[in-house]
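J.: show me the folded form of this:
(2 chains)
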Amino acid sequence: SQQGEEDPQALSIQEGENATMNCSYKTSINNLQWYRQNSGRGLVHLILIRSNEREKHSGRLRVTLDTSKKSSSLLITASRAADTASYFCATAETYNFNKFYFGSGTKLNVKP
Amino acid sequence: GAVVSQHPSWVICKSGTSVKIECRSLDFQATTMFWYRQFPKQSLMLMATSNEGSKATYEQGVEKDKFLINHASLTLSTLTVTSAHPEDSSFYICSARDWGGFSGAAGEQFFGPGTRLTVL
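T.: Numbers count the residues shown, from 1 in each chain, chains lettered A, B, ... in the order given. You can find the predicted model right below:
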């Protein structure tokens, strides 16, 4: 990818379980954002975390950011079958924050 | 949130023809729009930055003569795939950022629903 990698590439869990996805990036960033994409569809913005933040919550989502390790994680708690999708992190660089570079994505399958 | 539309949502064309894809910001002005390409089961790759009233900036490895970008107004950017070939078949997604002033804070980008191009 242009910016970094996500792991795992694929994750399969049972409904009700928690799902954790990790994202690593390469450059200094202004912010990091997570998006969801259902198969063959557009992107849905989930959450934005700025470089001076360490943790952020939104409903069942929890995002952490460790700028020293250039990594972020997305935790989805109490997963639902409707959470089945691909999840991407995107970073906006410090000195060129208009551009987004996407990670390789994690394909999440939540089994009912 | 702000809405970005794309037209068409899908297109099938013969090899050698040119295809134009439109990206519109519906309820805000976007001085800058971005074009991405996504191959099946892969991530989004930034192709170019479209600037209203000036030339687009292309990412390394993207042919500017192949992918023509025109940002004619504050609400419309177009991507034209010239002389399309089967290897150009992909999902093309645009995004736009609402101009929030000179605060310097980077915010959310709003993505269009994408256009699926199939070149036969």
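J.: going forward, measure contacts and count neighbours with C-alpha atoms only.
T.: Fine.
J.: give me the nearest residue to A:Ser72, chain neighbours excluded.
T.: A:Leu65 (4.4 Å; CA to CA, 6 or more residues apart in numbering or on different chains).
J.: and the next helix or strand past the host helix or strand of that neighbour?
T.: Take DSSP states H and E as the rule and A:Leu65 turns out to sit in strand A:61-66. Next helix or strand after strand A:61-66 toward the C-terminus (DSSP H and E): strand A:71-76.
J.: who's in contact with whichever residue of chain A sits closest to chain B?
T.: In chain A, the residue found nearest to chain B is A:Gly42; the distance is 4.2 Å by CA to the nearest CA. A:Gly42 makes contacts with B:Ile93, B:Phe111, B:Gly112, B:Pro113, B:Gly114, as judged by CA atoms under 8 Å, 6 or more residues apart in numbering or on different chains.
J.: angle of the strand holding A:Leu65 against strand A:71-76?
T.: For strand A:61-66 against strand A:71-76, the angle by axes from the mean of the first three to the mean of the last three CA atoms, to 10 degrees is 170 degrees.
J.: same for strand A:61-66, what does it pack against?
T.: strand A:43-50, strand A:55-58, strand A:71-76 (3 or more CA pairs under 8 Å, 6 or more residues apart in numbering or on different chains; DSSP states H and E).
J.: run the last query once more with 6 Å
T.: strand A:55-58, strand A:71-76 (3 or more CA pairs under 6 Å, 6 or more residues apart in numbering or on different chains; DSSP states H and E).
J.: for B:Lys41, find the nearest of these.
T.: Nearest to B:Lys41, of all the helices and strands packed on strand A:61-66, is strand A:71-76, at 20.1 Å by CA to CA.
J.: beyond the closest one, next helix or strand please.
T.: Sequence order places strand A:85-93 as the next helix or strand after strand A:71-76, per DSSP H and E.
J.: who does that next one pair up with?
T.: Strand A:85-93 has the following strand partners under DSSP bridges: strand A:29-37 (antiparallel), strand A:100-102 (antiparallel), strand A:106-111 (antiparallel).
J.: closest residue of chain B to chain A?
T.: Closest point on chain B to chain A, by CA to the nearest CA, is B:Pro113, at 4.2 Å.
J.: A:Pro103 reaches A:Pro8, doesn't it?
T.: One correction, residue A:103 is Gly, not Pro. No - assessed by CA atoms under 6 Å, A:Gly103 is found out of contact with A:Pro8, at 11.6 Å.
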